[in-house]
Structure formats: C-alpha cells, structure tokens
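K.L.:
no FASTA, just this:
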C-alpha cells in the first residue's frame, strides 16, 4: 500500500514539476496512528532505525538524553524499529514500546516496525537514502542504529553509521537548532 502511494506521489510530482518533500511522507506511530512527517516541520529531526536485541541497543539511552536536552529547542528524535538485521527486533509494537519505556525511559516518538532496505523499504527510508547515500554512494542501510539528521527545512544533512554514538552528533544538532 505504501509503495503504491509513494509511486503515485512521485508520478504526480513529476507531472507537475514539484519535488517530493520529507513532509509529504506518511508514517505510522507505534500506537498505530497514521500521520505525515509534516508534524515535524520547522524542527530538526534525528531519524534512527532501532532494534531491541542489538549490540547498539544501549544507544537508546543517548537518544533519549538528546531528546530530553533539545526537544524544547526544536529537536525531534524519531525511532523506527526494524527487524531486517539478524531478526534483532522480533517483538510486536506493544512489546517494543514497553521495552523502550521500561528499560530506557524512552519518551521520544517511536513508530511501527518497518523495512529500511529492499523492495518493501518504507518510503521515508527510500527518501532518506536517496538524499544522503552512505559509504561509497551506497544507499543500503548497513545495520541497526543508522542515523539521519534533517534540518528545519526538511533537508537531509547528515548520515551516521551504527557505531556513531548519539552524543557524537550533538555538535551537528546544535548547529541546526
């Protein structure tokens, strides 16, 4: 369904000469509510594919710390669970939400589980990867906790690998706030 809507949106934009914006993309919250990324207009976004059973899962703590420190200044941390890497996010949305809340006190926005690579990759991740390719121009997400930094105007301005800790991105976030 998302793929068809994405293709229709791209076709419409090609016919009208308009370019797609991150704000046009629909996402589903971890509670099942469909929203558009327009909710985050005029905010800096740190978008992360997350997993509960990964060696990098401890980064939830750093992501939450950024959320606490900068949310009122205009930062939105957005977590997108993904089970594509060695099945490290096997839980349901309710299980993921409970784990994040109870283990790491996560209060930043979390979303329904998605694919970030392949034919079923979510339109948001297709957009992010196209705008900010990774190492040697590869668009593929290599692992959990890949991070994308988006400025207040919806421009993807940075991509950080799994081993980059959230606190290492703090200076880049501060420049955009």
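P.N.:
On my side now, so go ahead. Predicted model only: the values in this text are computed from it and were never measured.
K.L.:
And for residue 166, the neighbour number?
P.N.:
Summarising burial for residue 166: neighbours were counted as other C-beta atoms under 10 Å, giving 22. C-beta here means a position set from N, CA and C on the backbone, and glycine is covered the same way.
K.L.:
Can you tell me the closest non-neighbouring residue to it?
P.N.:
Take residue 166 and drop its neighbours on the chain: the residue closest to it by C-beta to C-beta, 6 or more residues apart in numbering is residue 62, 3.3 Å away.
K.L.:
How about whatever helix or strand residue 70 lives in, which residues are buried there?
P.N.:
If you go by DSSP states H and E, residue 70 is part of helix 59-70. Buried residues in helix 59-70, defined by neighbour count with 16 or more other C-beta atoms under 10 Å: 59-60, 62-67, 70.
K.L.:
I'd guessed the residue nearest to residue 166 sits against residue 173; true?
P.N.:
No. Taking contact to mean C-beta atoms under 8 Å, the distance of 11.8 Å between residue 62 and residue 173 leaves them out of contact.
K.L.:
ranges for the helices of this protein?
P.N.:
In chain order, the chain shows helices spanning 2-16, 59-70, 93-104, 123-131, 170-176, with DSSP state H as the criterion.
K.L.:
List the residues that contact residue 133.
P.N.:
139, 159 (C-beta atoms under 8 Å, 6 or more residues apart in numbering).
K.L.:
The helices of the chain: which one's closest to residue 157?
P.N.:
The closest approach between residue 157 and any of those, judged by C-beta to C-beta, belongs to helix 170-176 at 7.1 Å.
K.L.:
what packs against the closest one?
P.N.:
Contacts defined by 3 or more C-beta pairs under 8 Å, 6 or more residues apart in numbering; DSSP states H and E place helix 170-176 against strand 44-50, helix 59-70, strand 147-150, strand 156-160.
K.L.:
Taking the centroid of the protein, which residue is nearest it?
P.N.:
The chain has residue 47 as the residue nearest its centroid, 2.9 Å off, counting by C-alpha atoms, centre = their mean.
K.L.:
Residue 107 and residue 97, how far apart?
P.N.:
The spacing between residue 107 and residue 97, counted by C-beta to C-beta, to the nearest Å, is 11 Å.
K.L.:
which of those two has more neighbours?
P.N.:
Counted by other C-beta under 10 Å, residue 107 and residue 97 do not tie: residue 97 has more neighbours, with 17 against 13.
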